[in-house]
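J.: Can you look at this prediction? I've put the sequence above it.
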Amino acid sequence: MKSALLLILLILPACALEIQVSGECVNRKVIISTDQPSFLVLRMNYGAPIYASTLESPVTFVPRISGDLLITAISEKEETSKIVRIRECEPVRYSGISQNILPDGSFEEHGKMISWRTAYGALKKACEILGYPCSSKLTDWGIFVDCIRGVRTGSLGKTSGWMYWVNYPNKPLLGISATEYRVYPNDEVIWYFSRIMDEKPESSPYTMKIRIGPNYEIHVNVKWETKIPPVADFEFSPDNPYVGQEVVFNASKSFAFGGKRIMEYVWQIDWIELKGKVVTYKFEKEEDYEIKLTVYDEEGLYSSVTKTLRVSRAEDYRNFTVTGEKSIDFGFVVLKIRAENTQVSIRNESCRVPYYDVRVSSVYCPMRRFLGFGWQ
């Protein structure tokens with residue numbers, strides 16, 4: 001009897017919640033259903049959630065970009081998730097031009113004709129595909145992007161604004177207007193919101209990565225953060241320190257957004273952790289050092305920056321005799337001393353060179369022939 005009961009239990013079907021998905025293409029319908037009435041949460045590339053329900057019928061979703069579609073289903077008693085890879089499929093043939101193709105030809109903006117196959121034309125087409133509002137402004141230097149999806153020039157600081165970079169990081173950033181930069185198949189155009197002058201795409205809170213396909217198809221990936229981390233930045237002095245010399249590191253250039261404050265400054269210097277807005281350190285070896293600063297705001301959001309500092313060995317000039325002319329190179333100043341035979345008297349001279357105390361006990365020349373630093 002027990003054996004029969006066990007066999008019956010083993011052959012009973014499991015009642016686990018299941019997600020069924022039909023479709024996997026950009027700009028085409030993806031049909032999502034469940035075997036139990038469920039609440040759905042959809043996230044494209046782990047971005048903002050979209051909510052739906054299979055209570056009455058399957059859910060239809062049309063992805064506008066390629067990447068991972070995370071589907072989470074929640075029923076009365078269970079929860080399960082499934083990831084569907086959304087890809088670019090063969091374009092649907094229309095009587096006109098496909099909506100996802102960067103067309104040949106031009107369009108007019110601010111009274112100027114602009115080629116579609118430029119860095120700016122690629123952005124304009126990507127905004128059309130995604131349904132993002134995108135505006136520009138005419139300046140003395142040409143047409144510049146002013147606002148994308150509500151993020152406007154100056155939104156995150158006086159110097160903040162939209163920038164673009166083609167084929168980052170393999171190609172350098174060029175100072176050419178986006179309306180003039182021609183793009184070609186297999187190019188990748190990154191539009192990113194820069195908060196400081198030297199910000200790179202990977203640290204920007206807002207980016208649109210636009211890849212140009214072999215037939216000028218447009219593929220777009222978007223990063224749009226809802227919480228903006230602070231900006232880490234610092235200076236150090238002196239710029240070219242010597243071994244044993246005290247170096248001051250100052251993080252006053254770091255800042256947070258939305259009225260928030262930076263609560264903690266953490267430094268990694270010579271494998272040592274230091275804390276504070278301003279710290280000092282003396283290096284014991286001559287080499288290049290990576291200095292890393294991480295700042296944290298009130299919400300625990302953080303960002304980091306790393307800079308290279310070169311520490312050199314200071315030359316040790318002890319007592320020496322000058323016959324004729326001698327030069328001493330301190331790195332930041334060259335001290336020249338010249339001795340001449342003339343009517344003399346004994347006199348001591350001294351001067352201050354940064355980080356050095358230079359004292360001269362010599363034969364005094366009425367014409368004072370110390371040249372280059374301190375004397376003429």
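T.: Everything's here; your move.
J.: Tell me how far the nearest residue to Glu298 once chain neighbours are set aside lies from Tyr302.
T.: Nearest non-adjacent residue to Glu298, counting by C-beta to C-beta, 6 or more residues apart in numbering: Lys260, 4.9 Å away. No exception for glycine: its C-beta is placed from N, CA and C like everyone else's. According to C-beta to C-beta, to the nearest Å, Lys260 stands 12 Å off from Tyr302.
J.: Also Ile218?
T.: 34 Å.
J.: Of those two, which one has the most company?
T.: Using other C-beta atoms under 10 Å as the criterion, Ile218 and Tyr302 rank with Ile218 on top: 23 against 16.
J.: from what I can see the more buried one touches Ile212, true?
T.: Yes: the pair Ile218 / Ile212 is scored as a contact, 7.1 Å apart, by C-beta atoms under 8 Å.
J.: Between the two, which contacts overlap?
T.: Residues touching both Ile218 and Ile212 by C-beta atoms under 8 Å, 6 or more residues apart in numbering: 102, 122.
J.: What are the boundaries of the strands in the stretch 251-376 of the chain?
T.: Per DSSP state E, counting those that start in this stretch, the stretch 251-376 of the chain carries strands over the ranges 262-269, 272-275, 278-282, 287-297, 302-311, 325-329, 334-338, 345-353, 356-364, 370-371.
J.: Which of those has the lowest mean pLDDT?
T.: Across these, strand 370-371 has the smallest mean pLDDT, namely a mean of 42.
J.: contact partners of stretch 56-64?
T.: For stretch 56-64, the external contacting residues (C-beta under 8 Å, 6+ apart) are 25-33, 40, 42, 44, 50, 52-53, 69, 86, 129-131, 220.
J.: Can you give me the buried ones in that stretch?
T.: The neighbour-count check on stretch 56-64 (16 or more other C-beta atoms under 10 Å) flags 59, 61, 63-64 as buried.
J.: got it, and stretch 188-200?
T.: So, applying 16+ other C-beta under 10 Å, buried residues of stretch 188-200: 188-196, 199.
J.: These: which two are farthest apart?
T.: Distances among the buried residues of stretch 188-200 were taken as C-beta to C-beta; the most separated pair is Glu188 and Ile196, at 23.1 Å.
J.: Show the subsequent helix or strand relative to the helix or strand hosting Thr207.
T.: Following DSSP states H and E, one finds Thr207 within strand 206-212. Next along the chain after strand 206-212, taking DSSP H and E as the criterion, comes strand 218-224.
J.: mean confidence score for the next helix or strand along the chain from that next one?
T.: For strand 218-224, the following helix or strand on the C-terminal side (DSSP H and E) is strand 235-237. Averaged over strand 235-237, pLDDT sits at 96.
J.: Next, the contact list for Tyr168, please.
T.: Here Tyr168 is in contact with 188, 190, 200-201 (criterion: C-beta under 8 Å, 6+ apart).
J.: now these in JSON lines, with pLDDT and secondary structure?
T.: Output for the contacts of Tyr168, formatted as JSON lines (pLDDT from 0 to 100; DSSP: H, G, I helix; E, B strand; the rest coil):
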{"residue": "Glu188", "pLDDT": "96", "secondary structure": "strand"}
{"residue": "Ile190", "pLDDT": "98", "secondary structure": "strand"}
{"residue": "Lys200", "pLDDT": "91", "secondary structure": "coil"}
{"residue": "Pro201", "pLDDT": "94", "secondary structure": "helix"}
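J.: now, which of the residues you listed sits nearest Leu123?
T.: Nearest member of these to Leu123, counting by C-beta to C-beta, is Ile190, at 10.2 Å.
J.: Isn't that closest one up against Trp165?
T.: Yes: applying C-beta under 8 Å, one finds Ile190 in contact with Trp165, separated by 5.0 Å.
J.: Find residues that contact each of these two.
T.: With contacts taken as C-beta under 8 Å, 6+ apart, Ile190 and Trp165 have Pro201 as neighbours in common.
J.: one step back: okay, and the common contacts of Lys260 and Tyr302?
T.: Pro230.
J.: before we move on, back to that, filter the contacts of stretch 56-64 to the buried ones?
T.: Taking 16+ other C-beta under 10 Å as the criterion, what is buried in the contacts of stretch 56-64 is 25-27, 30, 32-33, 40, 42, 44, 52, 69, 86, 129-130, 220.
J.: Tell me which entries of these lie within helices.
T.: 129-130 (DSSP state H).
J.: domains in this protein, as residue ranges please.
T.: Residue ranges for each domain of the chain read 17-86, 106-224, 235-311, 325-371, as given by automatic domain parsing.
J.: Adding distance to Asn100 as columns, could you present those in TSV?
T.: Listed next are the domains of the chain as TSV, based on distance: least, C-beta to C-beta, whole Å:
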stretch	distance to Asn100
domain 17-86	6
domain 106-224	5
domain 235-311	34
domain 325-371	58
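J.: ranking these by mean pLDDT, which is last?
T.: Minimum mean pLDDT among the domains of the chain: domain 325-371, a mean of 51.
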